[in-house]
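1. Output the structure for:
(2 chains)
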Number of protein chains: 2
Amino acid sequence: MRIALDAMGGDNAPRSAVLGAWEAVKENPALTVVLVGDEEAIRRELPGELPSGLEIHHTSEIIEADDEPVRAVRRKKDSSLVVTVQLAKEGKVDAAISAGNTGALMTAGLLLCGRMEGIERPALAAFIPNIKGRVTLALDVGANMDAKPQHLYQYAIMGSLYAEKVLGFERPRVGLLNVGTEEGKGNELTKAVYGMLVDADLHFIGNVESRDVMQGECDVLVSDGFVGNVLLKAMEGTAATIFSVLKQEFTSSLINKVGAAILKPGLVRFRKRMDYAEYGGAPLLGLRRPVIKAHGSSDERAVKNAIASGVRFVSQDVNGYIQDALQKNTPGESE
Amino acid sequence: MRIALDAMGGDNAPRSAVLGAWEAVKENPALTVVLVGDEEAIRRELPGELPSGLEIHHTSEIIEADDEPVRAVRRKKDSSLVVTVQLAKEGKVDAAISAGNTGALMTAGLLLCGRMEGIERPALAAFIPNIKGRVTLALDVGANMDAKPQHLYQYAIMGSLYAEKVLGFERPRVGLLNVGTEEGKGNELTKAVYGMLVDADLHFIGNVESRDVMQGECDVLVSDGFVGNVLLKAMEGTAATIFSVLKQEFTSSLINKVGAAILKPGLVRFRKRMDYAEYGGAPLLGLRRPVIKAHGSSDERAVKNAIASGVRFVSQDVNGYIQDALQKNTPGESE
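-> Down below sits the predicted model:
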């Protein structure tokens, strides 16, 4: 199997990409990772001779985190991100992975690979850590802003299959993000899709409120891309704010530093419990080719796990299962 | 001025209601608070003789936190919550306050008081604490699930006036909750309302992402009720989860308890910084009568401050300003 990895994307690129790929091919002799990016920069990070499982595909451009996605994809044809997806499109690799600009990866995925047959809107998934020490796969978190019931229905099918085949969750519990748990709650969209999810061949557990997501109420959380994006960033922002203020308090005096030092193992354990790096990258679902978005702050271990996700995405034939499921589950006309 | 207070609503009722009202009338001799609820239960909490500024209006029923709102309001006609709003409707008091069932208060406000002329959808506001030690007034957080651009536009006008007249913010910065900061981001709704907010007589600062709300990016945050509700509960849930896990870690051993004891003043300071009780209750905006929702966990100080908010809501004639502003700002046809 061959996986293309954007070596220049993410906060710790190219170092974490190179080292993550290095580890991945060492563990899996059947795997080849194509490191896409500036050859010199990539070679500089190699801990030794280029092993047989690693290839370098040189590119001259980089899409930055703050580049406008659509324009960046159109103009920077020789960027590491675009070429990574292009290699997947051309069948030169089986999957594409990037920790770079999320919007650009989505755009490149859509423009280059295109949608799977029968999929109306691809969805971007993300991991939300929960106190059960697992993750919730949330989708859509921003690929499609104005979703129709049929789109949410397809997200549920795709998310459930990904959670089962790649994350290894048995009978993933699918929840619908809503403002109350009772049936009949919500806006026109959630009301319309509720019955479709009840009738689908899914382990649908009903509505889930945003305050219960981190309690691990469900394994797959379905929403439109606008709401999912607001949810994800609200959680990230709240956690970041709390930790930054706590850090200020904990380092505001010598005695506080002593207290914080005592508690450090507990804090580290906490961060570990909330760490979702081991689940690898989050998929873009509904494209003709497997594309995975690794977290922008991915370290070497997160990259390695994202590559492992890519391997399972391909070897488990998730897209094949999605295609089959859509043919079996067709609740009325689409769009 | 006369304010009706639902003495039976909230986690700490009737104690915090009675004591909060007691303090409020002690500080403001021109104020009368009508405590609505079970007379015997109310009298039990009085720290002394009933002062001239306090009245008791006996009711026989209570709407519980988990009662279905619409049914509860229709059936429990002699509940403290319904009678509190009824007194406002009949003009026997100038404003109504409850820390009880939010949905029931919204329903009672709408059914009994009705909408202000020109207001298409009343909005429920909520306070989000931020690291600047202030709050952001977020609306709508759940009164109206499927909002149109015109509704969000009216939320912005109402929220800005409330923030200015009642919270005392100078030229409140109004933000539109969105998935990116650039103009043109978002769904059909946010794209449509953006230009209306630019043209309005408001200090509109543009789009605000959910991750930046706690940084204090804006004073008034506008969204549809579905998204606002998801945002609010996501923040509450994330904060609650983090603190509960930290608490577990901090009490998991004797040495950790020592560390936690050292840090306690810092943790208390943190909670204080994030405490929004001093801002009083959050208003239901767009009703013919001022109605305020105090937080369900309100203590005596929070109730006292909610009463103070009610006083300013009335004395500053917020509804009069809203009416004027709507007449000046009419961007095209409504609904």
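2. contacts and neighbour counts: CA atoms only from here.
-> OK.
3. show me where pLDDT drops low in chain A?
-> Residue ranges of chain A with pLDDT under 70: A:273-278, A:329-335.
4. And the strands in it?
-> In chain A, the segments counted as strands under DSSP state E are A:2-6, A:32-37, A:54-58, A:95-98, A:123-129, A:135-139, A:173-178, A:203-209, A:220-222, A:282-285, A:291-293.
5. so which of the ones you listed is the most packed in?
-> Each of those was assessed for mean neighbour count using mean count of other CA atoms under 10 Å in any protein chain shown. The highest is strand A:220-222, with a mean of 31.
6. just how off-centre is that one within its chain?
-> How far strand A:220-222 lies from its chain's middle: 13 Å, per CA atoms, centre = their mean, to the nearest Å.
7. which strands and helices sit next to that strand?
-> The helices and strands touching strand A:220-222, judged by 3 or more CA pairs under 8 Å, 6 or more residues apart in numbering or on different chains; DSSP states H and E, are strand A:135-139, helix A:149-165, strand A:173-178.
8. tell me the angle the shortest one makes with strand A:173-178.
-> Here strand A:135-139 points in a direction 50 degrees away from that of strand A:173-178 (axes from the mean of the first three to the mean of the last three CA atoms, to 10 degrees).
9. what lines up beside strand A:135-139 in the sheet?
-> strand A:123-129 (antiparallel), strand A:220-222 (parallel) (DSSP bridges).
10. Which stretches in chain A count as helices?
-> Secondary structure of chain A (DSSP state H): helices located at A:15-27, A:39-45, A:69-75, A:80-89, A:102-108, A:149-165, A:188-199, A:225-250, A:254-273, A:300-315, A:318-328.
11. okay, those in JSON lines with mean neighbour count next?
-> What follows is those, written out as JSON lines (neighbours: other CA atoms under 10 Å in any protein chain shown):
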{"stretch": "helix A:15-27", "mean neighbour count": "22"}
{"stretch": "helix A:39-45", "mean neighbour count": "15"}
{"stretch": "helix A:69-75", "mean neighbour count": "17"}
{"stretch": "helix A:80-89", "mean neighbour count": "27"}
{"stretch": "helix A:102-108", "mean neighbour count": "23"}
{"stretch": "helix A:149-165", "mean neighbour count": "24"}
{"stretch": "helix A:188-199", "mean neighbour count": "17"}
{"stretch": "helix A:225-250", "mean neighbour count": "21"}
{"stretch": "helix A:254-273", "mean neighbour count": "17"}
{"stretch": "helix A:300-315", "mean neighbour count": "24"}
{"stretch": "helix A:318-328", "mean neighbour count": "16"}
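12. Any idea which of these gets closest to B:Ser298?
-> Ranking the helices of chain A by proximity to B:Ser298 (CA to CA) places helix A:225-250 first, at 22.0 Å.
13. how distant is that closest one from the center of its chain?
-> On CA atoms, centre = their mean, the centre of helix A:225-250 falls 18 Å from the chain's centre.
14. domains of chain A?
-> Following automatic domain parsing, chain A resolves into domains at A:1-119+A:286-335, A:120-277.
15. Can you check which of these gets nearest to B:Val36?
-> The nearest among the domains of chain A, by CA to CA, is domain A:120-277 at 28.6 Å.
16. before we move on, the earlier item: can you redo the domains of chain A as CSV with distance to B:Val208?
-> Below are the domains of chain A laid out as CSV (distance: least, CA to CA, whole Å):
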stretch, distance to B:Val208
domain A:1-119+A:286-335, 16
domain A:120-277, 10
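17. re the thing from before, dump the helices and strands packed on strand A:220-222 to CSV, plus distance to B:Ile205.
-> Shown next, in CSV, are these (distance: least, CA to CA, whole Å):
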stretch, distance to B:Ile205
strand A:135-139, 29
helix A:149-165, 32
strand A:173-178, 29
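18. Out of the ones you listed, the one nearest A:Lys247 is which?
-> Among those, strand A:135-139 sits nearest to A:Lys247 (CA to CA), with 25.4 Å.
19. got the contact list for the closest one?
-> If you take CA atoms under 8 Å, 6 or more residues apart in numbering or on different chains as the criterion, strand A:135-139 is touched by A:123-130, A:155, A:159, A:163, A:213, A:216, A:218-225, A:228, A:276, A:279.
20. Could you tell me which residues make contact with the most centrally placed residue in chain A?
-> The centroid of chain A falls nearest to A:Ala282 when counting by CA atoms, centre = their mean (1.4 Å). If a contact means CA under 8 Å, 6+ apart, then A:Ala282 has A:124-127, A:292-295, A:306 as its contacts.
21. Recalculate using a threshold of 6 Å.
-> Residues in contact with A:Ala282 (CA atoms under 6 Å, 6 or more residues apart in numbering or on different chains) are A:125-126, A:292-293.
22. roughly how far apart are it and A:Gly142?
-> From A:Ala282 across to A:Gly142, the span is 13 Å (CA to CA, to the nearest Å).
23. pretty sure A:Phe204 contacts A:Val174?
-> Yes - using CA atoms under 6 Å, A:Phe204 is in contact with A:Val174, at 4.7 Å.
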